[in-house]
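[1] quick one, what's the 3D model for this:
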Amino acid sequence: MAAHYQYHRKDVGLLALRIGIGGVLFAHGAQKLFGWFGGHGLEGTGAGMEHMGFEPGKQSALAAGLGEAGGGALLALGLATPAAGAAAAGAMAGAVAVHAPAGFFAMSGGFEYPAFLGYTAAGIGLAGPGRYSLDHLTGHAVDRPWVVAVAFSVSALAAGVVLTRRAKVLESRARAAEGKADTPE
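    Purely as a prediction, here's the structure:
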């Protein structure tokens with residue numbers, strides 16, 4: 001009896017985590033994609049992303065919005081959980097990079113919050129959705145060990161490419177600004 005109780009308790013806990021983190025991620029992505037919840041939509045978010053070094057900005061906003069909203073919705077539903085967790089974690093890697101210069105704590109503009117979202121999404125993607133999920137109802141058709149490996153590998157690779165590209169954009173901008181500062185008027 002106690003083992004049966006513990007089993008269901010774990011599944012209810014995973015459901016609560018999935019709904020909570022998935023809902024927050026969906027809302028963040030919907031701000032970027034649709035301008036919902038006080039967001040700026042693709043145009044405004046794209047301009048902001050371009051300013052932060054993510055070029056091209058609109059496509060970067062679309063990718064981040066899909067990773068957050070799509071990953072969040074799928075996490076909440078418990079569908080394609082490894083891919084959902086990997087997509088959300090990859091999107092949060094970009095946000096962590098933006099906030100990293102301000103340190104860790106969110107109250108100083110640091111990366112605490114996006115890191116929390118990314119690690120939690122990754123943890124759920126790795127742990128699996130639990131019994132109360134669409135993955136469970138579909139016989140875990142898209143929640144297989146190979147899906148975990150492929151999803152997290154692709155997400156890590158994509159995040160690495162995006163962040164390397166952003167670093168080059170920021171470096172180029174800094175050099176251009178130095179050149180302007182050195183030029184006599």
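
[2] residue ranges with poor pLDDT in this protein?
    For the chain, applying pLDDT under 70 flags the ranges 1-7, 181-185.

[3] can you pull the buried residues of the helix ranked longest in the chain?
    Secondary structure of the chain per DSSP state H: the longest helix is helix 145-182. For helix 145-182, the buried set under the neighbour-count rule, 16 or more other C-beta atoms under 10 Å, comprises 147-148, 151-152, 155, 158-159, 162-163, 166. All C-beta atoms are positioned from the backbone trio N, CA, C, and that covers glycine.

[4] and stretch 32-48, by the same measure?
    Residues of stretch 32-48 classed as buried by neighbour count (16+ other C-beta under 10 Å): 32-33, 39, 41-42, 45-46, 48.

[5] over to stretch 19-28?
    Residues of stretch 19-28 classed as buried: 21-22, 24-28 (neighbour count, 16+ other C-beta under 10 Å).

[6] closest to Gly57 among those?
    Using C-beta to C-beta, His28 comes nearest to Gly57 of these, at 17.0 Å.

[7] wait, that closest one sits on Glu68?
    Yes - between His28 and Glu68 there is a contact under C-beta atoms under 8 Å: 4.7 Å.

[8] next, work out how far apart Asp135 and Ala61 are.
    If you measure Asp135 against Ala61 using C-beta to C-beta, to the nearest Å, the figure is 29 Å.

[9] got it, and Ala158?
    In terms of C-beta to C-beta, Ala158 sits 15 Å off from Ala61.

[10] swap in Tyr132?
    33 Å.

[11] equivalent analysis for Val12, please.
    From Val12 to Ala61 the distance is 35 Å (C-beta to C-beta).

[12] likewise Val161?
    Taking C-beta to C-beta, one finds Val161 at 17 Å from Ala61.

[13] now swap in Gly179 and tell me
    In terms of C-beta to C-beta, Gly179 sits 29 Å off from Ala61.

[14] now the helix or strand hosting Asp11: how far from the chain's centre is it?
    Element membership for Asp11 (DSSP states H and E) is helix 2-34. How far helix 2-34 lies from its chain's middle: 15 Å, per C-alpha atoms, centre = their mean, to the nearest Å.

[15] isn't Leu79 up against Ser133?
    Yes - contact criterion C-beta under 8 Å: Leu79 and Ser133 qualify, at 7.1 Å.

[16] could you find the closest non-adjacent residue to Gly48?
    In this structure, Gly48 finds its nearest non-sequential neighbour in His40, 6.8 Å apart by C-beta to C-beta, 6 or more residues apart in numbering.

[17] is the nearest residue to Gly13 once chain neighbours are set aside in a helix, a strand, or coil?
    Excluding its sequence neighbours, the residue lying closest to Gly13 (C-beta to C-beta, 6+ apart) is Gly130, at 7.7 Å. Secondary structure assignment for Gly130 (DSSP: H, G, I helix; E, B strand; the rest coil): coil.
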